[in-house]
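# Generate coordinates for the sequence data below:
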Amino acid sequence: MEREVKFLLADLEGMRSRLESLGARLEKPRVHEYNLRFDRPGHELARSFQVLRLRRDAGVRVTYKGPGKMEGGVRARQEIEFEVGDFEAARALFESLGYHVSFVYEKHRTTYRLGALEVVLDETPLGNFAEIEGPDAASIRQAAARLGLRWEARIVGSYLDLFEAVKTKLELACRDLTFENFEGVRVAPEAMGAVFGDR
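Next comes the predicted model:
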């Protein structure tokens, strides 16, 4: 089970410093992520709150996520993930099975280990975020407090959820959450329905 929350950050470098001062270990240096979400005609997966994703960063991974539920204020969902050797071959396999790319999104991600928790710093076209994943809601909430993040500012939705809110608010026509599509676009927190977690 994946259990996580995210926080919108006003000060990315400040959060990096707090992680390091708490003894967090850099697990994966900053890397560019390129993600493809797949669906079937009629958006069968999206309508049943499932995700099929192909990700390329330092490697290539396939991920399935099941419908989410709330547990102690965090989002919990089944996650199955494994590595594959060839991004384009995996994409061709899904497309041969009748899936199509429904959404593309990218970000830069730096991954830290803080005890039993994973804390990632994401630089996205929408802004900067900290995402905390752990074994249970209590440990995630405790880590957020240690990092100076306001629990009431947590975000339990996905980047796709935030993107859809921004598209509606700013009347954007683009399908994908890419740096190119957001060049010159400033996204205020209220456009996402969010507030900064580190203020």
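# By residue count, which helix of this protein is the longest?
helix 159-170 (DSSP state H).
# which parts of it are buried?
Neighbour-count burial for helix 159-170 flags 159-160, 162-163, 165-166 (criterion: 16 or more other Cβ atoms under 10 Å). All C-beta spots, glycine's among them, are computed from the backbone N, C-alpha and C.
# Which strands or helices does that helix pack on?
strand 100-114, helix 189-192 (3 or more Cβ pairs under 8 Å, 6 or more residues apart in numbering; DSSP states H and E).
# Can you say which of those is nearest to Phe182?
Nearest of the helices and strands packed on helix 159-170 to Phe182, taken as Cβ to Cβ: strand 100-114 at 10.2 Å.
# all helices of the protein, in order?
12-21, 44-47, 87-96, 137-146, 159-170, 189-192.
# If we go by neighbour counts, what in the second one is buried?
Applying a neighbour-count criterion of 16+ other Cβ under 10 Å, one finds Leu45 buried in helix 44-47.
# Show residues contacting that helix.
For helix 44-47, contacts defined as Cβ atoms under 8 Å, 6 or more residues apart in numbering pick out 38-39, 51-52, 102.
# and if you look at the third one?
Residues from elsewhere that reach helix 87-96, judged by Cβ under 8 Å, 6+ apart: 36, 38, 52, 54, 56, 60, 62, 84, 101.
# do the fourth one as well
With contact meaning Cβ under 8 Å, 6+ apart, helix 137-146 is reached by 3-5, 7, 22, 71-74, 114-117, 119, 132-134, 151, 154, 197.
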